[in-house]
Each structure stands twice: as C-alpha cells, then as structure tokens.
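> Provided below for reference: sequence and predicted model.
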Amino acid sequence: MSDTRPQGQPDEAVVDLAIKQVTEGLSPAEQRALDVMDSELASAYLRDLERAAAAVTLAGSAGEEPLPAALSARIAEQAAEHFASSSMVTDLSEARTPAAKAGVRPSPAPARANRFGNYGWLAAAACLVLAIFGWEHSPPPPVAVATPAPVTVPSPEKPAPQPEKPLPPTVAEERAALLAKTDSLKIPLGASKDPAAIGVTGDVVWDPATQRGFLHFAGLAPNDPAMHQYQIWIFDAGRDKRYPVDGGVFDVPADASDVIIPIRASLMVRKPAAFAVTLEKPGGVVVSGREHVIALGQAG
Amino acid sequence: MSSSVLQRIAGGDSAAVRECIDQYGPLVWSIARRLSRTPSDAEDAAQEIFLDIWRSASRFDASQGSDKVFIAMIARRRLIDRLRKTSAEPPMDPVEVLDTVVWADPGTASETSIEAEQAARALAELRPEHRQVLELGLLHGLSQSEIAARLSMPLGTVKSFMRRGLIKVRELMNVDAEGVLSEG
C-alpha cells in the first residue's frame, strides 16, 4: 500500500497525538506512545502545531487585560530571586556569592527534549512517597529549567577573610545564617532505596519568612545532566498535596562529596510540610512521576 | 538590528526583565485567566509562566518566530499541564466567556504579531463550526470530549474539525514563512 501522506506530515497516529498534546495534553500512556513514535519529523511537526496553537491564542487575545499590579510586583520579585540565585550559583566556584544582587545571566544549556531512558525505577521509593503524599502520575511538559551547580562545603572552622569591603556571603555562610535563625525549619532528609540514594545523608533548612532555604547532602551520587537531573519539591500544607511546589533542579558533579543547593521555590510556600528530591529528566518536570525518589524529609 | 527582549534577558540585561513583565504581562495574564479555574489559579499560573520564561529565554530563536508567540507557547504548555492536573471540570463556563474573546482583525492583527495576523487570516477562511471548535479548545481549554458534549457533536467530528483548523493555520504559517524566505 502506498503512503498517501502529504509531504512533511508524519503518520496519522502521530498527527492525532500531536494535536491532542498541543490542545489538551496527553495521558501518560499517550505520552509513552508518542515517545515511541518520536522522530525528527514528528518533533518538527509538533513544534509547528504548537506554534499554530499559540498563534491562534494570540489572534484570540486581542483584548488583553492588564496584569494586576500586586501580581506584577510578585513576578518581579520572583525574577530577582531567580536571577540572584542563578548568579549566586554561578559564582560558587569563586566561593563568594552576590546574594543580595539580582543580576541576570543567560540560562544554562537548555533542557534536552529527549525522553526518559530505562533507568530501573525502584517501586519502594515511589511507594514511600505515595504512602505519605499520594502523588499522582501525570505527563510532564518539556520545560527548560536553570540548573544550579552545587558547591563543595568549605570547612566550618575556616575563618572568613576580612577585606576592606565586605564580600557577599558564601552559600555555606548563608546556610549557616539560616540555621542560626530560631524561626527557620531544620529538617533531616531520609534517603530512599534508590541506587542514587545509597549512603546519602542530608538536611534542609528553610526560612518561611524569606522563602529561602538550602539542601545539604553528603554522599549524593553524581548525575549526568544530559541524562537526568535532581529536582527539589516542597509540599505545602496550604496546597493540594498531589502537586508539590517545584524547588528547582540541580546537578552533583563527579568530584563533589558534600553539596549545598539553594532552594528556588517557584511559588509562595505558606506552610511547608515536607521536602523531597527526585531524579528527573534533564530540565526537570512539572509533575513528578515519583519513580526515582531520592530523599524525603517531613516538617514537624 | 535591535535584540528582542528575550535575547536581552538571555544576554544578561536586567532591565529587560522588567520590560518583559510590562510588555507581556497582559498577554500572559489574559491567557492564564482564560485557562485557569479561579483567579487564584491564574495568579499561580502567571508566576509559573514567567519563571518558565526566565528559564527558557536562552532558547528563544528569533528566526523561528516572535517573542510573543514564544511566550504564548510557554504559557500554553504550562496551563495545559495545570489543567490536566485538575481535569474534573473545564476552567470556566465557555457559554459565559465566549463573548469575552476578542479576535484580532485579519487586517490589523499584524500590529499584534505576524503570527497572529497569519492565524487570523486562517481562521477567517474556516467554516464557523471549525472556528468554534478551535476557539473552545485553544482559547477556553476544553478537551475534545468536553467540546463534543458542549456542542452535542460526535467526538470524531470534533477531532476532525480541530485537526483541520490547526493544520490550516499551520500550513498558512509555513507558506508565509517560505514566502518570506524565498523573497529574501
């Protein structure tokens, strides 16, 4: 039978799934089916359809409403924190961080659109979180996420240099300052049975007032950022527990033993109930499939 | 040639961040309002969308489209994902909000963006029932099943209308892009 498809158009099944993806999203099973059919042609077709859907959205948005002033201010604040965190992380290798300065730097390498490989997920890890939170599986959209680089923890006894002009604090110093605050949350992280979590110890410090916090890990396995990245999740008692707040993604380099990672909450966390770390595809996901839960810590 | 606001963000221009919020905030807010269940959801969504924009700015390629369409794509991805999480009911009653859609005029939509102009022209060529299906699906976030129920239309017909409409827009955009390339 001859192929009567128009030139540049993938087969019918891909077209159907691509249209569903750009209009209402796919179920996990449909996403897996599309992954299997994934090809350069299908990806290009999907991009075109997504662009067409966006263009229709623009054509139907001629009567735009102004962004509420309070929301605009919150977004600006969030942007300042995001870029401060990015530049802070960038400068970690210099051991000093411009934490107070909201600089902007280019995003790191974009998340690849490649799919999960077969990683040997451990049911036990998923069950751990399912038992506690009842996370719900849903397909993640491809979203590029900035990737903080962790830092090696300097010796706590090492005195900070005293230059004429005070230097911004290191991440370790910032974490220490948060630890010293009486109203900050200090939560030990329990390791799961995931291979990446073997021998891992860690903790979280979180300041509800400033919405800032740090993860500290010892023994966390290095990851290949082209294959997977670690992702932080914050469970807010004030929100639906199935959908924890994204706390950002991070990598552990091969030569790091102790790492500190600034938490970048994407939304306001009103009542932090728990923190978790999962291993996800590069760039992270919007909703975790919970297959690779690495560590978990509950407040209170 | 001046850089787009996204390219400036990716290049480290902190002033571009504020500019981006001012310039595209109304667009993001309009889309978020339409594709969210409550104003509170829309506020959360708008914040997440802008975070996605900061994270994705370096991926913006001006040769592939305008800032505006790139931002609309990011917004749609995020909102579709949020809708899927709570798919028990559509974001709003489309009967109540259909009147709130203000379609760009094909003759003036280029003031919004080239892509909006192309889409408006493609939409103008569609049959009203095809356009209605696109509107319910793309602007109001209804699933194909929900559209079928809403319009008392077989699901297969909805799928077919959605498919024809989107492919029509896609084709027109690609033809225009090829025309621009060949003229260059």
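Structure's in. What do you need?

> which phi and psi does residue A:202 have?
Dihedral pair for residue A:202: phi -170, psi 170, per degrees, to the nearest 10.

> Apologies, that question was intended for residue B:48.
phi -70, psi -40.

> Tell me which residues touch it, please.
By CB atoms under 8 Å, 6 or more residues apart in numbering or on different chains, the residues touching residue B:48 are A:266, A:267, B:78, B:82. Glycine gets a C-beta too; all of them are placed from N, C-alpha and C.

> Could you report the neighbour count for residue B:75?
When counting by other CB atoms under 10 Å in any protein chain shown, one arrives at 28 neighbours for residue B:75.

> Residue A:209 too?
8.

> And the residue sitting nearest the centre point of chain B, how far from chain A?
For chain B, the residue nearest the mean C-alpha position is residue B:72 (4.7 Å; CA atoms, centre = their mean). Distance, residue B:72 to chain A, using CB to the nearest CB, to the nearest Å: 4 Å.

> From residue A:10, how far out is residue A:49?
Separation of residue A:49 from residue A:10 (CB to CB, to the nearest Å): 11 Å.

> hmm, which helix or strand of chain B has the shakiest average pLDDT?
helix B:94-97 (a mean of 40; mean pLDDT, DSSP states H and E).

> The very next helix or strand once past it packs against which elements?
Once the chain leaves helix B:94-97, the next helix or strand it forms, by DSSP states H and E, is helix B:114-125. With contacts taken as 3 or more CB pairs under 8 Å, 6 or more residues apart in numbering or on different chains; DSSP states H and E, helix B:114-125 sits against helix A:40-59, helix B:67-85, helix B:155-183.

> Can you list the low-confidence ranges for the stretch 51-200 of chain A?
Applying pLDDT under 70 to the stretch 51-200 of chain A flags residues A:62-63, A:85-167.

> One more: chain B?
For chain B, the stretches with pLDDT under 70 are B:1-2, B:87-112, B:175-184.

> Show me how it divides into domains.
Chain B breaks down into these domains under automatic domain parsing: B:1-89, B:91-184.

> among the ones you listed, which is nearest residue A:172?
Closest to residue A:172 of the domains of chain B, according to CB to CB: domain B:1-89, at 25.4 Å.

> how distant is the closest one from the center of its chain?
10 Å (CA atoms, centre = their mean, to the nearest Å).

> just to revisit the earlier point, am I right that the residue nearest to the centre of chain B is in contact with residue A:57?
Yes - using CB atoms under 8 Å, residue B:72 is in contact with residue A:57, at 5.0 Å.

> who touches both of the two?
The contact sets of residue B:72 and residue A:57 overlap at residue B:31 (CB under 8 Å, 6+ apart).

> Give me the neighbour count for residue 81.
Went with chain A since none was named. By the measure other CB under 10 Å, the count of residues near residue A:81 is 19.

> Can you look at chain B instead?
20.

> Can you name the residues of the stretch 151-300 of chain A that neighbour chain B?
Counting by CB under 8 Å from any CB of the partner chain, the residues of the stretch 151-300 of chain A close to chain B are A:240, A:242, A:243, A:266, A:267, A:286, A:287.

> show me what contacts the first one?
Residue A:240 makes contact with residue B:86 under the criterion CB under 8 Å, 6+ apart.

> what's the helix or strand for the residue nearest to residue A:20 when sequence neighbours are not counted?
Using CB to CB, 6 or more residues apart in numbering or on different chains and skipping the chain neighbours, the partner closest in space to residue A:20 is residue A:26 (5.9 Å). Under the criterion of DSSP H and E, residue A:26 resides outside all helices and strands.

> And for residue A:256?
Following DSSP H and E, one finds residue A:256 outside all helices and strands.

> Check residue B:131 too.
Per DSSP H and E: helix B:128-134 holds residue B:131.

> picking up where we left off before, wait, the residue nearest to residue A:20 touches residue A:16, no?
No - counting by CB under 8 Å, residue A:26 does not reach residue A:16; the two are 10.5 Å apart.

> Which one of those two is surrounded by more residues?
residue A:26 (21 against 14).

> What backbone torsions are found at that one?
Backbone torsions for residue A:26, taken as degrees, to the nearest 10, come to phi -110, psi 150.

> swap in the one 5 residues further on?
In this entry, residue A:31 is assigned phi and psi values of phi -60, psi -40 (degrees, to the nearest 10).

> Could you do residue A:261 as well?
Backbone phi and psi, for residue A:261 under degrees, to the nearest 10, turn out to be phi -130, psi 120.

> what's around it, how many residues?
Neighbours of residue A:261 (other CB under 10 Å): 30.

> My read is that it contacts residue A:250, right?
Yes - with contact defined as CB under 8 Å, residue A:261 reaches residue A:250; the gap is 4.6 Å.

> Surely residue B:86 and residue B:37 touch.
Yes - with contact defined as CB under 8 Å, residue B:86 counts as touching residue B:37 (6.7 Å).

> With neighbour numbers in mind, choose between those two.
Applying other CB under 10 Å to residue B:86 and residue B:37 shows that residue B:37 carries more neighbours, namely 17 against 14.

> ok so, going back, dump the residue contacts of the residue nearest to the centre of chain B.
Contact partners of residue B:72, counting by CB under 8 Å, 6+ apart, are A:54, A:55, A:57, A:58, A:61, B:27, B:31.

> and of those residues, the nearest to residue B:44?
Residue B:44 has its nearest neighbour among the contacts of residue B:72 in residue B:31, at 13.8 Å by CB to CB.

> export the helix or strand containing the closest one as PDB, just CAs?
Per DSSP H and E, residue B:31 falls inside helix B:14-34. Taking C-alpha atoms only, helix B:14-34 is exported to PDB below (Å, rounded to 0.1, in the frame of the first residue of the first chain):
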ATOM      1  CA  SER B  14      18.500  43.000  33.900                       C
ATOM      2  CA  ALA B  15      16.300  46.000  32.600                       C
ATOM      3  CA  ALA B  16      14.800  43.600  30.000                       C
ATOM      4  CA  VAL B  17      13.300  41.500  32.800                       C
ATOM      5  CA  ARG B  18      11.100  44.400  33.900                       C
ATOM      6  CA  GLU B  19      10.400  45.300  30.300                       C
ATOM      7  CA  CYS B  20       9.300  41.700  29.600                       C
ATOM      8  CA  ILE B  21       6.900  41.800  32.500                       C
ATOM      9  CA  ASP B  22       5.400  45.100  31.400                       C
ATOM     10  CA  GLN B  23       5.300  44.200  27.800                       C
ATOM     11  CA  TYR B  24       4.000  40.600  28.000                       C
ATOM     12  CA  GLY B  25       2.300  40.600  31.400                       C
ATOM     13  CA  PRO B  26      -1.100  41.400  29.900                       C
ATOM     14  CA  LEU B  27      -0.800  38.600  27.300                       C
ATOM     15  CA  VAL B  28       0.200  36.100  29.900                       C
ATOM     16  CA  TRP B  29      -2.500  37.200  32.300                       C
ATOM     17  CA  SER B  30      -5.200  37.100  29.600                       C
ATOM     18  CA  ILE B  31      -4.200  33.600  28.700                       C
ATOM     19  CA  ALA B  32      -3.900  32.500  32.300                       C
ATOM     20  CA  ARG B  33      -7.200  33.900  33.200                       C
ATOM     21  CA  ARG B  34      -8.900  32.100  30.400                       C
END
